[in-house]
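Novice: Pasting the sequence and the predicted coordinates here, then a few questions.
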Amino acid sequence: MTPSVVYFLASRYLWRRREGGLTSSLLSVIGIAVGVMTLNVVLGVMNGFQMGFIETLLEVSSSHLRVQMPPDRELSTQTQWAISQDPRVRSISPYSDSQTLMSSNYGNTRGAFVRGVSPSVIFDDPAMGRQLQIVEGSWDLSNGEKIVLGSELARNLLVRVGDQVSLMALGGPDFSLLRPKLVSFQVTGIFRTNFYEIDLGWGFIDITRARDFFENGVETTYSIKLTDHYADQIVLPRVQSLTASEGGHVVSWREYNRSFFSALRMEKTVMMVLIALIFPVVWMNIQHSIKRTIRERKEDLGILKALGAAHRPIRIVFLSEGAVIGFWGALWGTLIGLMIIVNINGILIGVEQLLSYFGDMLNRLQGLPSGMPSKLIFGGVFYMNEVPYRILWHEVWGIFLVAFLSSSLSAWSSSAEILQIQTREVLRNE
């Protein structure tokens, strides 16, 4: 059969069914579109959350590479300069971490994690500055006892920019002579990362002041940021060789956050598998549709075989039907999914307003006073100002191809029933 004949038969079988019209084909297209749309939306939002958490951890908390130094030892200026000369290294900066009790003048006390950093760290490392969004005040750690607090920590301590907080540390020549030391710091800025644990328990002070204040066991760690954090395995051996003579121990972000990243990967994999279960359902629907078409057109197919048509071109007719269903279903599912992802925050705001309206109307019917607008997502139950999303185009294309190929392969496998049609029986029955 010529390609024009194959195209004619495929379009005829697809759009002109003897029973049910276009219902079966449309249901198959809709099923694929719903599956593709759901996968794209869920993965887009999940990528937004996961990559937001990962970037916050890598840029604020753990770094791409960490050079851990023994107590009271630092990397030499020459070594730091040698590390910074690697074109894959974006920045290198020292910091020290300490635990403390933090209290305000309002009597609130809370345990906090205090990191001593260079006053210019967010300017030397702009990626870290983007993660530490200053929502009040400014980043100012110079000239004295100044501190920048997480937004939730400041809220728990009931402090704002300009207020004083007291930090307690234990100091002394040895363990038996430890004595508490209390120093007041002025809050110069309040930051928000949308990572609840960091916003609730972190504060930043000048690293020089941190070394003076936390006398015992302060270890200096050097944060190395790379232009591409996936290049850590390439840069790590070189950094290790440069710092080994000074007692430095280099740790990659993969090792430092292994359990957390493994949990995120497992969560994403399980979610993809659960949602992708819709494709086997569509597979069976297409198979049933193709087999029904073959049974309906058994006489036509028998005559085609009697006229000399080979099995392969006839099967290509039904393969074309599956390919058309898969293409249009995947295309519409992808387009609708991307539209939902891009407008996800507007959609959720509309849902919140609608729920608030119905809740207010229900209160009026019950004779209760009108309540405040409901905050179920933004600023309410969930700790976020907006739903993050991230579109990864290789995943979008992968979902499209899986939907298209699954439909095509389903049609091809079900068309094997053509091989069982006996031309003699069809002609005898006619």
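Specialist: Arrived safely.

Novice: What is the burial count for Gly44?
Specialist: 23 (other Cβ atoms under 10 Å). (Each C-beta comes from the backbone N, C-alpha and C, glycine too.)

Novice: For the remainder of this discussion, apply numbering that starts at 17.
Specialist: Happy to do that; since the first residue is 17 now, the last one works out to Gly60.

Novice: Ramachandran angles for it?
Specialist: Gly60 adopts backbone torsions of phi -60, psi -50, taken as degrees, to the nearest 10.

Novice: can I assume it is in contact with Arg406?
Specialist: Yes: because the distance of 6.5 Å satisfies Cβ atoms under 8 Å, Gly60 is recorded as touching Arg406.

Novice: element containing Gln66, please.
Specialist: Following DSSP states H and E, one finds Gln66 within helix 39-72.

Novice: and if you look at Leu91?
Specialist: Assigned by DSSP H and E, Leu91 falls within no helix or strand.

Novice: what's the burial count for Glu411?
Specialist: Residues lying near Glu411 (other Cβ under 10 Å) number 16.

Novice: From what I see, it and Met62 are in contact.
Specialist: No: the criterion here is Cβ under 8 Å, and Glu411 misses it with Met62 at 10.3 Å.

Novice: How about Gly51, nearest residue that isn't a chain neighbour?
Specialist: Distances taken as Cβ to Cβ, 6 or more residues apart in numbering put Ile294 closest to Gly51, at 3.8 Å, once the chain neighbours are dropped.

Novice: again with Asn361
Specialist: Distance criterion Cβ to Cβ, 6+ apart; nearest residue to Asn361, sequence neighbours excluded, is Glu402 at 5.0 Å.

Novice: Met144 now?
Specialist: Nearest residue to Met144, sequence neighbours excluded (Cβ to Cβ, 6+ apart): Glu75, at 4.8 Å.

Novice: How about Leu183?
Specialist: Once flanking residues are discounted, Leu183 sits nearest to Thr116: 4.9 Å by Cβ to Cβ, 6+ apart.

Novice: quick one: the strands in the stretch 67-216 of the chain?
Specialist: Secondary structure of the stretch 67-216 of the chain, counting by DSSP state E, counting those that start in this stretch: strands at 81-84, 105-120, 125-133, 149-153, 162-166, 180-187, 195-208.

Novice: So which elements touch the shortest one?
Specialist: Applying 3 or more Cβ pairs under 8 Å, 6 or more residues apart in numbering; DSSP states H and E, one finds that strand 81-84 contacts strand 237-242, helix 248-259, strand 265-268.

Novice: can those go into TSV with extra columns for distance to Phe211 and mean pLDDT?
Specialist: Compiled in TSV, the helices and strands packed on strand 81-84 are given as follows (distance: least, Cβ to Cβ, whole Å; pLDDT from 0 to 100):
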stretch	distance to Phe211	mean pLDDT
strand 237-242	17	90
helix 248-259	21	88
strand 265-268	20	88
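
Novice: So which of those is the most surrounded?
Specialist: Mean neighbour count (mean count of other Cβ atoms under 10 Å) peaks for strand 237-242 among the helices and strands packed on strand 81-84, with a mean of 21.

Novice: Which strands or helices does that one pack on?
Specialist: strand 81-84, strand 105-120, helix 248-259.

Novice: ok now do Val76, which residues does it touch?
Specialist: Applying Cβ atoms under 8 Å, 6 or more residues apart in numbering to Val76 gives the contacts Met144, Gln147, Leu148, Thr209, Phe211, Ile214.

Novice: farthest pair in these?
Specialist: Based on Cβ to Cβ, the longest span within these runs between Met144 and Phe211 and measures 13.0 Å.

Novice: so who does Val61 touch?
Specialist: Neighbours of Val61 in contact, by Cβ under 8 Å, 6+ apart: Ile357, Ile360, Val403, Pro404, Tyr405.

Novice: tell me which of these is nearest to Ser112?
Specialist: Pro404 (31.0 Å).

Novice: Quickly note the distance from the closest one to Phe65.
Specialist: Separation of Pro404 from Phe65 (Cβ to Cβ, to the nearest Å): 6 Å.

Novice: Relative to Ala128, how far out is Leu169?
Specialist: If you measure Leu169 against Ala128 using Cβ to Cβ, the figure is 6 Å.

Novice: If you could redo that for Leu173, that was the one I meant.
Specialist: Using Cβ to Cβ, one obtains 9 Å as the distance from Leu173 to Ala128.

Novice: Find the residues that touch each one of these two.
Specialist: Shared contacts of Leu173 and Ala128, defined by Cβ under 8 Å, 6+ apart, are found at Met118.

Novice: Tell me, domain by domain, which residues of the protein belong where.
Specialist: Domain assignment of the chain by automatic domain parsing yields the ranges 19-67+282-445, 86-263.

Novice: can you tell me which of those the model trusts least?
Specialist: Per-segment mean pLDDT for the domains of the chain reaches its minimum on domain 19-67+282-445, at a mean of 72.

Novice: returning to that earlier point: doesn't Gly132 make contact with the residue nearest to Leu183?
Specialist: No: counting by Cβ under 8 Å, Thr116 does not reach Gly132; the two are 11.2 Å apart.

Novice: Touching both of the two, which residues are there?
Specialist: Residues touching both Thr116 and Gly132 by Cβ under 8 Å, 6+ apart: Phe230.
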